[in-house]
Each structure stands twice: as structure tokens, then as C-alpha cells.
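[1] Predicted coordinates and the sequence they were generated for:
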Amino acid sequence: MDDAVPSLEEILDRFRAFRREAGLSLSAFALAAGLSRAALGGMDAPDWKPGSDTIRALEQLVGPTWKSGDPVPETIAKPSKARAAA
């Protein structure tokens, strides 16, 4: 088991990867995390520094162990056009 504590940049990169792999817009990602769109407005900028409440909300959504390449839960993943039409 790796006990290393990830850096803030590693945590933020994980959030960015999750949103990208889930196929979510910033608005949809914010909604899923219970945040405003404005809270994630600078998310794609390398100098984005979210507040602790934003980090906690995203960590609760993404989970502490999710990493790029892991499946995104069906309840979060952007619905395909076929599923959205059903």
C-alpha cells in the first residue's frame, strides 16, 4: 500500500482527468459535485487554486482512490445519445 500523500497538483490533475474521462462539461461536473459553475471556472488553468470546500466536494464525487483509466461510475458518466433518447 502506498502511503504517500498526493500533492495538491496531483489531486487537481486527478479531478481534471475524471471530468475529461466522464465526458462532462464544467457545468455538469459542478452540478454533480453540488458546486456552482463559477467554483470550477478556472479548473483547466494550470494556476487554478480552488478553496478547501471545492476540493472536498470534488473528492467526495471522484473518490479518494479513482485514477485515470479507472471506470467512471454510470451514475456520473455523461449519457450517450442513445441512452439520453430512451
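    Noted; the coordinates are in hand. Numbers count the residues shown, from 1 in each chain.

[2] In the helix or strand where F29 lies, which residues are buried?
    Element membership for F29, per DSSP states H and E: helix 26-33. Neighbour-count burial for helix 26-33, counted by 16 or more other C-beta atoms under 10 Å, picks out L26, F29, A30, A32, A33. Yep, even glycine has a C-beta here, placed from its N, CA and C like the rest.

[3] repeat for stretch 15-22
    For stretch 15-22, using 16+ other C-beta under 10 Å, the buried residues are F15, A17, F18, R19, A22.

[4] farthest-separated two in these?
    Maximum pairwise distance among the buried residues of stretch 15-22 (C-beta to C-beta): 10.6 Å, between F15 and A22.

[5] okay if I get the buried residues of stretch 15-22 as CSV plus secondary structure, pLDDT and distance to S52?
    Listed next are the buried residues of stretch 15-22 as CSV, based on DSSP: H, G, I helix; E, B strand; the rest coil; pLDDT from 0 to 100; distance: C-beta to C-beta, whole Å:
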residue, secondary structure, pLDDT, distance to S52
F15, helix, 96, 14
A17, helix, 96, 21
F18, helix, 96, 19
R19, helix, 95, 19
A22, helix, 93, 23
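
[6] just those residues now: which is nearest R37?
    R19 (12.6 Å).

[7] quick one: contacts for the closest one?
    L26, F29, M43 (C-beta atoms under 8 Å, 6 or more residues apart in numbering).

[8] Among those residues, pick out the one closest to T75, please.
    Nearest to T75 among the contacts of R19, with distances taken as C-beta to C-beta, is F29, at 13.6 Å.

[9] Provide the contact partners of stretch 60-71 at residue level.
    Contact partners of stretch 60-71, identified using C-beta under 8 Å, 6+ apart, comprise R14, F15, A17, F18, E21, A32, A33, I76.
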